[in-house]
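[1] Below: sequence and its predicted model.
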Amino acid sequence: MNTQRTLMQVGAAALAAILSSSPAMASELTFYPTDDARVKMAYPSTNYGSNQVLATQNRYGHPSHPANWEQDTLISFDLSSIPAGTDISSATLQLYYYDYNDTNPAGRELTCYRITGEWDEDSVTWDTRPDHAATPISASIVPPGPGVWMDWDVTSDVHAFVNDPGVDNHGWMIMDEEYWGTYNIPRTYFRSKEFGTFTPYLTVIPEPGTMALLALGGIGLFRHRRRRC
């Protein structure tokens, strides 16, 4: 009986600590990519998974040139450590924009799509790139100059990855879909995880109430197991 009372007291203290902490301090989770790569339409069979660069570029150059200039960024994260049943308050994908080529891409909209098929950074190419959802989950505007982080809101996707068994987590694809139609297509460069610094990352903030319920569930499960011993 004394052991059970002690466990309950410890559990209550742990729960109180969770509830009294600020949501960001208590539950902000940061994930780094398991895979990231770019694919290039002009080099359809080349793999860039070990490259230190991620990039986006619109496919349409000058009308006298083939429309084959597209570059897309693929990125994925392992979220299996987030328990099923966790409500997600926010999830933000962040990539470090460090440079551009040809024309400054400032003001261009880069769209983020949920990837719906399997892929691997060591083998993915333009020809083998996975499919993606029909509509983007969010978009981000390229800032006036490089040297800053860009972010995309992927909250609903992360919530689905964690809680919907019918939605598989294959990450996201970042694309520049704004028609260009002339020479010097803007190309936006990001750092990949292979660079070693400015690594892309995903910040996930669960709902505080969910965290408290998960804590209560863990306490209750522990007490239940103690009774069966």
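    Happy to help now that I have it.
[2] Mind naming the longest strand for the protein?
    Of all the elements of type strand in the chain, the one with the most residues (DSSP state E) is strand 88-101.
[3] how about stretch 163-183: buried residues?
    Within stretch 163-183, the residues scored as buried using 16 or more other CB atoms under 10 Å are 169-178, 180. In short, each C-beta sits where N, CA and C put it, glycine included.
[4] can you redo those residues as a markdown table with distance to residue 60 and pLDDT?
    Listed next are the buried residues of stretch 163-183 as a markdown table, based on distance: CB to CB, whole Å; pLDDT from 0 to 100:
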| residue | distance to residue 60 | pLDDT |
| --- | --- | --- |
| 169 | 31 | 98 |
| 170 | 27 | 98 |
| 171 | 26 | 98 |
| 172 | 23 | 99 |
| 173 | 18 | 99 |
| 174 | 18 | 99 |
| 175 | 13 | 98 |
| 176 | 10 | 98 |
| 177 | 10 | 98 |
| 178 | 9 | 97 |
| 180 | 5 | 97 |
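[5] I'd like to know which of the residues you listed are part of strands.
    172-176.
[6] For the residue positioned nearest the centre of the chain, which non-adjacent residue is spatially closest?
    Centroid-nearest residue in the chain, with CA atoms, centre = their mean: residue 93, separated by 4.4 Å. Spatial nearest neighbour of residue 93, chain neighbours left out: residue 152 (4.5 Å); criterion: CB to CB, 6 or more residues apart in numbering.
[7] go on, residue 123?
    residue 47 (6.0 Å).
[8] what about that neighbour, which helix or strand?
    For residue 47, there is no host helix or strand (DSSP states H and E).
[9] low-confidence ranges in this structure?
    Applying pLDDT under 70 to the chain flags residues 1-26, 210-229.
[10] Go again with 80.
    1-26, 209-229 (pLDDT under 80).
[11] Give me the neighbour count for the residue nearest to residue 123.
    18 (other CB atoms under 10 Å).
[12] I'd say it and residue 37 touch.
    Yes - proximity of residue 47 to residue 37 meets the contact threshold set by CB atoms under 8 Å, at 7.3 Å.
[13] Quickly list what's touching both of the two.
    Any residue near both residue 47 and residue 37 by CB atoms under 8 Å, 6 or more residues apart in numbering counts here, and that gives residue 124.
[14] returning to that earlier point: and the residue nearest to the centre of the chain, bridged to which residues?
    Residues in a beta bridge with residue 93, per DSSP bridges, are residue 152, residue 202.
[15] Quickly note the distance from it to residue 185.
    24 Å (CB to CB, to the nearest Å).
[16] repeat for residue 121
    25 Å.
[17] before we move on, what about residue 148?
    21 Å.
[18] So between the two, which is more surrounded?
    Taking other CB under 10 Å, residue 148 and residue 185 do not tie; residue 185 has more neighbours (22 against 12).
[19] Please, which helix or strand holds residue 134?
    Residue-wise, residue 134 maps onto no helix or strand under DSSP H and E.
[20] leaving aside the residues next to it on the chain, what's closest to residue 90?
    In space, residue 90 is closest to residue 205, 4.8 Å off (CB to CB, 6+ apart).
[21] where exactly do the helices run in the chain?
    Here the chain has its helices, by DSSP state H, at 2-20, 23-27, 155-163, 208-228.
[22] and residue 135, what does it touch?
    So residue 135 contacts residue 113 (CB under 8 Å, 6+ apart).
[23] got the buried residues for stretch 43-60?
    Those would be 47-49, 51, 53-60, for stretch 43-60 by 16+ other CB under 10 Å.
[24] Please read the previous query as pertaining to stretch 118-126.
    119, 121, 124-126.
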